[in-house]
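Trainee: Sharing a sequence plus its predicted fold:
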Amino acid sequence: QEAAQGEAKGFSFTVDPLVLGYESVSNDTDSAKFVEYRDFDDGPLGFLRVTGASGDGERYLDLNGTRIGREDGRYTFGYGAVGRYSLLVDYNLIVHRFGNNGHMLFTRTGDGRYEIPDATQLALQNAITANQSRLTFPFLRNLLAPYLATANEVDPRLQRKRLLVRADLGRMAAFDWGLELFQEKRDGTRPFGATFGFNNVTELPEPINYTTRDAELSGEWNGDRGGLRFGYRMSNFKNDTPTLIWDNPFRFTSSTDPGAYSAPTTSSVNGSALGIADLPPDNKASQLFVSGRTRFGSSWFVNGSAAYIEMKQDDPLLPYTLNNSIVGIASNGSTFDPTNPANLPARNADNKVDVTNFTAQAGRDLGDNLDLTFRYRYYDYDNKSKRIEFPGYVRFHAVWEPIARISVPYAYTRQDASAELGWDIGTRSRLAFSYGLQLWDREFREVESSDENILRASFDTRPLDRLTLRARYEHGDRSIDGYDVDAAEATFVEPEASTNIPTLRRYDEAARTYDEYNTQAQWFASDTWNFTFGVTGRSEDYDKSQFGLISDEIYQYNAEAAFVPSDALTFYLFGQWADRTSFQKARQSGATPSTNPLDNWQVKFDESTATLGLGLTTTFAERWTADLSVQRSDSNGNADFTAFRGGLPLASPGPGLPARTAAQDFANYEDTELTAALAKLEYKINKQFSLGLSYLWEDYTIDSFILQDLQNYLPGALLLDANNGDYTGKVFTFDVGMRF
Amino acid sequence: FATPQEHPSEPAAAPPATPQGYAGSDTCVTCHSDIGDHLATTPHGKEVFASKASQGCESCHGPGAAHAENPDDPALRPSITKLSKKQQSAICLSCHDGRQQFFWHGGTHEKRGVACTDCHSIHAFKSEDNQLKAKNTTEACLTCHKDVRAEMWKSSHHPIREGEMSCSDCHNPHGSQTPKMIKAVSVNEQCYTCHTEKRGPFLWEHPPVRENCLNCHVPHGSNHIKLQKTSVPFLCQQCHSNTRHPGTLYDGLRVPTLEDPSLSSNRLFNRACADCHNLVHGSNDPSAPYLGH
């Protein structure tokens, strides 16, 4: 102990730096996008780094605080002896803002409970009941306007608080042991599409009250010719607000009729007074894993890993509905109260999945220049969930649907096998070819079995000391054993005829070919200049799919130049152009799948993104350091639609809308522009003190078809309309840096 | 030059006398004093390094006596960059062969001729952690992966450019047995480490979600909300062209406008399909077989 104290006394500490400053912020529109993942706010700002070393230099201590006291702050503590043991404690705060100044008629009155004053609910119900024959959008908008004018403000935002403790415990019994503990608390809200029906979306701030706790213990042994690693990891997720219950703005008393799921309309003003939604349930996962590697002789290496993961979820099931006017009908025709969870066929979800993962690689040198590598990966997602059969369900809290449904334990197995032949051409070049096969076997999906042949070639070379060239090409060809359209109806106890277009192929399973390439040249033209050029592309063709995704292509070109003439000056400039085109086809149907080709419609999306950036860091006049960076990203997208005269898409564009002669394109398939400029200036007064100034300027605009001209109330939707749009934001910081 | 076989993997009992051909570190630092001073502040200047590498500088660089005797002859300089990338990495791996580097052999970077010293620097690193040539992990990766740099600046992105995440939170650049050097055993297991609420399993599943998050999302950046590959509702319509509303054309006519919002469709604005099908990652609600009421 005395020795330890002696060593501790020998610890020397350096503070480098302690920064105390003040941050001044302006955001012209108060858009949450400016502070999406950041906590910019007027007020003091602090950074601290303390490093310590024991007298013999073998033990270290590291304390780091970044943006101290802020919602995006981070704090780490490290202690250890190099190569023997270590402890890391990392506390990281991450904020995620989804919007500012949203409005809602609701008041949060408890965990997961949103209410509208009874008087308001009743007044709105009476108004729509009395005016059922003229329930148009303008009528409903005018009806809601005075209530929305005094609505509650809400800023949906989420705060993550992540605590990680990682200990390398050192060597015991030939193994190096590690222990990792992790806890993350997530608190806040995010926009959630609560709904009472086709014409009554009620967006709400979903309460988030999550805790994730993980723990892992692992051991590792490494010898001259191999190694072994093993461990156990457990992960628990807990949601302390598992249920969302909210009032229907248009119904004070629960009611039902066959068309109530589309209320409020001229055909129905009924529905539930309360909505209920099941928020993410608690779940658990545990994982056993073992990995190994070894060398045989002088030319073989083999490594592999195996993992067994068990995932469970057994939360209590909610009742079918809270609408007490609905009568449930059992499979035998008897009736029951669907608001009572005791009348469910099961009280808990009883879901369980076992994952088995096995990977292996083996390689050997074939002479001095050739090598061969085999890879195999087996991933089995075995869903052992109990199948639960329900005699029906409640549609939109409004109507009992006597259509028996049954939960489906979707499962799959994926296998990847490949062989790669590499040829080292001298010490500067390598050429490799590989063939791979990816196999999928699925249960309950449209495609039971598929195989994808994958050919790859890569060439990497340094023809000159200052030049590196890299190129890779890959071609894939996936074929399927068949496509069972009716598989989509697996959740129906008595499957009805498929409602999807029979010749649609879901792209994640469909037959396809793809080509992918990636080339890059890095040229160190001199001791001070270097340049990088690259082209990447991927083209997917689903040429056997008549509907669904048909093709998807992306090409990217990039260039970068850097100039580093000395430690006192660094300059870089980069640019990238990316162009993506995708094409999909659909067919509009009425009550049954259309067979009329004139009902087809298709859309081609074209997105281009230009990104430019430059940076300059320079030290001048001995005491001054300047840092400047500018980034600009400019995205532009178009959606070009085609529909045909005589077909449903043009003849029936929407309820109450007249027929038209052509589909209407839009040119704001998410057009965004972001320019960010950051300038920093530091003046070193002496070795101990420095003064810093920094200025961040950001300008963001978004023109998006999906977000344009949103309002609190639009047809069939009561939205939060939280501000997440354009802004010009500025952050000015002044600080004093100290080192001692 | 030194090869891994020449490096003892266990600590030496006592420093051996300088063997023939070796100059000794004291000789090296007489000229390279700046490197020596800097190295002393790093793990390579600590006792643990000395215990594994009995020849000091020459443990990595190889014998330097000839260079010391004739320092102006470039052919005699024990420069590691003269070696092949594989040989360069072998020097580092002779000590750093476990933990993160457990699966270096056979990994993508090894096979593509990337050496440890392409990202790390022993003598002149810029990062606070991990002795990187770049100022942090993300910048180190972007040295080669230029396309990802542009993705990060898109409107919808993980908080990488804000510094809240780094590439190595999801990828292990030193090698992994999962495609794309993912740290977990699959893409989904990786995503669940932060998005645990989507792990399930659920009463009502959305099968493509369970197979691969990347069926619908892109991880590095997107012009569309929620890192979607294609914006809703069209993303959904790539698979769902069913009767009635799923297969209906939602084109420019139904986009909301201030002039005439009554034309707009709630299947096209805000979160489109997800405003009703709010549980697309899985639902535990008996009345939500359609992943929403």
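Mentor: Structure's in. What do you need?

Trainee: which residue sits closest to residue 136 in space, ignoring its chain neighbours?
Mentor: Chain wasn't specified; assuming chain A. In space, and not counting its chain neighbours, A:T136 is closest to B:S262: 7.5 Å by CB to CB, 6 or more residues apart in numbering or on different chains. C-beta here means a position set from N, CA and C on the backbone, and glycine is covered the same way.

Trainee: other chain: chain B
Mentor: Nearest non-adjacent residue to B:N136, counting by CB to CB, 6+ apart: B:S127, 5.5 Å away.

Trainee: So that neighbour: helix, strand or coil?
Mentor: In terms of secondary structure, B:S127 is coil; the call rests on DSSP: H, G, I helix; E, B strand; the rest coil.

Trainee: cool, A:A123 as well?
Mentor: Judged by three-state DSSP, the three-state class of A:A123 is helix.

Trainee: To what extent is it buried, counted in neighbours?
Mentor: 14 (other CB atoms under 10 Å in any protein chain shown).

Trainee: do the same with A:A346
Mentor: A count of nearby residues for A:A346, using other CB under 10 Å, gives 17.

Trainee: ditto for the one 5 residues further on
Mentor: Neighbourhood size, A:N351 [other CB under 10 Å]: 26.

Trainee: can you pull the contacts of it?
Mentor: Neighbouring residues of A:N351 by CB atoms under 8 Å, 6 or more residues apart in numbering or on different chains: A:312-314, A:385-386, B:200-203.

Trainee: let's see 7 Å
Mentor: A:312-314, A:385, B:200-203 (CB atoms under 7 Å, 6 or more residues apart in numbering or on different chains).

Trainee: Let's have the residues you listed in CSV, adding distance to A:N500, pLDDT and secondary structure.
Mentor: Output for these, formatted as CSV (distance: CB to CB, whole Å; pLDDT from 0 to 100; DSSP: H, G, I helix; E, B strand; the rest coil):
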residue, distance to A:N500, pLDDT, secondary structure
A:K312, 32, 98, strand
A:Q313, 28, 98, strand
A:D314, 32, 97, coil
A:S385, 24, 98, coil
B:G200, 24, 95, coil
B:P201, 24, 98, coil
B:F202, 22, 98, coil
B:L203, 22, 98, coil
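
Trainee: quick one: A:S450 and A:S551, what's the gap?
Mentor: Using CB to CB, to the nearest Å, A:S450 is found at 19 Å from A:S551.

Trainee: again, but for A:V535
Mentor: A:V535 is 20 Å from A:S551, by CB to CB.

Trainee: same deal with A:A411?
Mentor: Distance from A:A411 to A:S551, counting by CB to CB: 30 Å.

Trainee: who's more crowded, the two?
Mentor: Remark: of A:A411 and A:S551, A:A411 carries more neighbours, 21 against 16, as counted by other CB under 10 Å.

Trainee: I'd assumed A:N383 was in contact with the more buried one.
Mentor: Yes - between A:A411 and A:N383 there is a contact under CB atoms under 7 Å: 4.2 Å.

Trainee: what about stretch A:460-479, near chain B?
Mentor: Yes - applying CB under 7 Å from any CB of the partner chain, one finds stretch A:460-479 touching chain B at A:460, A:470.

Trainee: Counting neighbours, what do you get for the nearest residue to B:D97 once chain neighbours are set aside?
Mentor: The shortest distance from B:D97 to any non-neighbouring residue, by CB to CB, 6+ apart, is to A:N222 (6.0 Å). Using other CB under 10 Å, A:N222 has 19 neighbouring residues.

Trainee: So A:N222 sits against B:R99, correct?
Mentor: No - A:N222 is beyond contact range of B:R99, at 8.6 Å (criterion: CB under 7 Å).

Trainee: least trustworthy helix or strand in the chain by mean pLDDT?
Mentor: The chain I'm using is chain A. The least trusted helix or strand in chain A, going by mean pLDDT, DSSP states H and E, turns out to be helix A:2-9, with a mean of 48.

Trainee: please go with chain B instead
Mentor: helix B:47-52 (a mean of 79).

Trainee: Can you show me the CA trace of that one as PDB?
Mentor: Extracted in PDB, the C-alpha atoms of helix B:47-52 (Å, rounded to 0.1, in the frame of the first residue of the first chain):
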ATOM      1  CA  GLU B  47       8.300  -0.100 -20.500                       C
ATOM      2  CA  VAL B  48       5.700  -2.400 -21.900                       C
ATOM      3  CA  PHE B  49       7.000  -1.700 -25.400                       C
ATOM      4  CA  ALA B  50      10.600  -2.300 -24.300                       C
ATOM      5  CA  SER B  51       9.500  -5.600 -22.700                       C
ATOM      6  CA  LYS B  52       8.100  -6.800 -26.000                       C
END
